[in-house]
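Colleague: next comes the sequence, and after it the predicted model I'd like to discuss.
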Amino acid sequence: DVQLQAFGGGLVQPGGYLRLSCAASGFTFGDYVIGWFRQAPGKERDGVSCIKIRDGDIYYTNSVKGRFTISRDNAKNTVSLQMNNLKPEDTAVYYCRARRPVTPVYDFWGQGTEVTVSS
């Protein structure tokens, strides 16, 4: 069975940091792009960052550039999102999803992990 499990969320003060991880199983990890998305209360789900596993190509949405870092561990089939200098507007449920590089359509996604940035 295909599984994408996101974990690492929590409550953090503004300016703090969290590290999210996405554990993947049930598909050939190296053949996919893993993306992080987030959905804030009352808002649409937005893309945050993604990484092409095979060659490490990376994308960040503008609002997180310089603060978030995505990385992969091919041996553990995991993708991490290091989030520094967190802001209240980063509050959301974060999801990881997987797609093949040749399509913008994400095939797989898992349950999210909640991030709350508040003092």
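Modeller: In hand now; what should we look at?

Colleague: would you point out the helix or strand in this structure whose mean pLDDT is lowest?
Modeller: Least confident helix or strand of the chain, by mean pLDDT, DSSP states H and E, is strand 108-109 with a mean of 88.

Colleague: got the CA positions of the following helix or strand past that strand in CSV?
Modeller: Next along the chain after strand 108-109, taking DSSP states H and E as the criterion, comes strand 113-117. Provided in CSV are the C-alpha atoms of strand 113-117 (Å, rounded to 0.1, in the frame of the first residue of the first chain):
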residue,chain,number,x,y,z
THR,A,113,0.4,17.5,10.5
GLU,A,114,-0.7,20.7,12.2
VAL,A,115,1.6,23.7,12.6
THR,A,116,0.5,26.5,14.9
VAL,A,117,2.7,29.6,15.2
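
Colleague: how far off centre is strand 113-117?
Modeller: How far strand 113-117 lies from its chain's middle: 12 Å, per Cα atoms, centre = their mean, to the nearest Å.
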